[in-house]
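Participant: Got a predicted structure here, sequence first:
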Amino acid sequence: MARIPDLKPEEMSARQKQLAAEIGGPRGGVVRGPFAIWLRNPDLADKANQIGNLLREGTTVPRRLSELAILVTARHWSAQYEWFAHEHQAIEQGVSKEVVEAIRARKRPSFAKPDEKAVYDMCHELYETKKVSDATYKAAIETLGQQMVIELMTIASFYAMIAMFLVTFEAPVPGGAKPLPE
Amino acid sequence: MRAMGGRIPDLKPEELSERQKALQAAMAAAFRGPVQGPFPLWLRNPDVGAKAFEMVTALRDKTKVARPLRELAILVSARRYRAQYPWAIHAPLAKSAGLTDAVIEAIRIRARPTFPSRDQEAAYAALTELVDTGRIADETYAAAEGAIGLENLLDLICVASFYVGLALMLGAFEVPAPDGAQPLPA
């Protein structure tokens, strides 16, 4: 059960309705997950939505790598909704099913692609130890380049924020599924 | 000399695009001082950086949660991730917002603070559970919601989780506090 009930249309202000339409538009008309909760503070929902859109379309990080980083993030916090929303996108963008399954099972994936390995190592180490060793950092810079590493960390930090938000309010996955084992 | 951006070298004025210059000027004006901490990193993609900067100001200006609680959320997040920069900036702000010296010092040295009010106590319990365990137990959640209300709790968690994200970014790039200060012990 979600800890915060979704706002009903009749409970929404004009601003909230407009934002719900804007956010739900590209998502099949439905506002779920973090945004269903965030709508209660429309100023923050609006900013978060704008950041999310830019991180998807407006960085040098290929979607295959950003979706991978998002899965590592969702797994770290066991953010069920975040995993649910991004698992299919990751696979669509070319992350292999083996890699996805390994992350789900909290195992270290074996990577065929060096850029995926660099992304995984940097994000995983950061979440586990709250820092990144010189060796891992150097490998990421050499593989991805400085600009992409900065943007990758911006993506990781944004989705970490969303993950914590989701677990706090126990945002449900449609159908009550729990794609991530504890 | 260590770059203000830690592992990322500072951009020289002649390397900045017009867009980056304008964003840097807006940041400097907002904080009435040098552009440090996460802000030099955010200049690197000025579209995203401008929005992240707007998020920081929205968390300050567009949340209803009381200032002492907001600062408490920032300090708890910064302490857990040992993020020296936000601690250095926000410890004085927390004091001016009304958190006691004893509370701030207890958080700094990882001791259990004694709070002067029920709302601070309940917010702290929820925040520390979230950053320490990645969950908030039903009882703790209900106590926090009962003490400060749903809308304020939502704002509080937004602040805390944004600053955890920020602390991660600062940790990844080893971004220092101003003047290399290390207010947080290991």
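Facilitator: Right, received. Where do you want to start? No experiment lies behind these values; they were computed from the predicted model shown. Numbers count the residues shown, from 1 in each chain, chains lettered A, B, ... in the order given.
Participant: same question for the helix ranked longest in chain B, mean pLDDT?
Facilitator: Taking DSSP state H as the criterion, chain B has its longest helix at helix B:150-172. On average, the pLDDT along helix B:150-172 is 97.
Participant: Check stretch B:39-49 too.
Facilitator: Mean predicted lDDT for stretch B:39-49 stands at 96.
Participant: where's that stretch relative to the chain centroid, distance-wise?
Facilitator: 17 Å (Cα atoms, centre = their mean, to the nearest Å).
Participant: try stretch B:61-68
Facilitator: 14 Å.
Participant: Show me which positions of that stretch end up buried.
Facilitator: Residues of stretch B:61-68 classed as buried by neighbour count (16 or more other Cβ atoms under 10 Å in any protein chain shown): B:Lys62, B:Thr63, B:Val65, B:Ala66, B:Pro68. Every C-beta, even on glycine, is put in place using the N, C-alpha and C of the backbone.
Participant: contacting residues around the nearest residue to B:Phe39 once chain neighbours are set aside?
Facilitator: Once flanking residues are discounted, B:Phe39 sits nearest to B:Met27: 5.0 Å by Cβ to Cβ, 6 or more residues apart in numbering or on different chains. Neighbour list for B:Met27: B:Val35, B:Phe39, B:Phe53 [criterion: Cβ atoms under 8 Å, 6 or more residues apart in numbering or on different chains].
Participant: just these now: which is nearest chain A?
Facilitator: B:Phe53 (10.0 Å; Cβ to the nearest Cβ).
Participant: so where does the closest one fall, helix or strand?
Facilitator: helix B:46-61 (DSSP states H and E).
Participant: buried sites along the helix or strand that comes right after that helix?
Facilitator: For helix B:46-61, the following helix or strand on the C-terminal side (DSSP H and E) is helix B:67-80. In terms of neighbour count (16+ other Cβ under 10 Å), helix B:67-80 has its buried residues at B:68-80.
Participant: before we move on, what about stretch A:53-65?
Facilitator: Across stretch A:53-65, burial judged by 16+ other Cβ under 10 Å covers A:Leu54, A:Leu55, A:Thr59, A:Val61, A:Arg63, A:Arg64, A:Leu65.
Participant: contacts with chain B among these, please.
Facilitator: A:Leu54, A:Leu55, A:Thr59 (Cβ under 8 Å from any Cβ of the partner chain).
Participant: quick one, what contacts the second one?
Facilitator: The contact partners of A:Leu55, by Cβ under 8 Å, 6+ apart, come to A:Ser66, A:Glu151, A:Thr154, A:Ile155, A:Phe158, B:Val48.
Participant: Per-residue pLDDT of it, please?
Facilitator: For A:Leu55, pLDDT reads 96.
Participant: go on, the last one?
Facilitator: The predicted local distance difference test score for A:Thr59 is 97.
Participant: What's the local residue count around the closest residue to it other than its chain neighbours?
Facilitator: Nearest in space to A:Thr59, with sequence neighbours left out and distances taken as Cβ to Cβ, 6+ apart, is A:Glu151 at 4.1 Å. Neighbours of A:Glu151 under the rule other Cβ atoms under 10 Å in any protein chain shown: 23.
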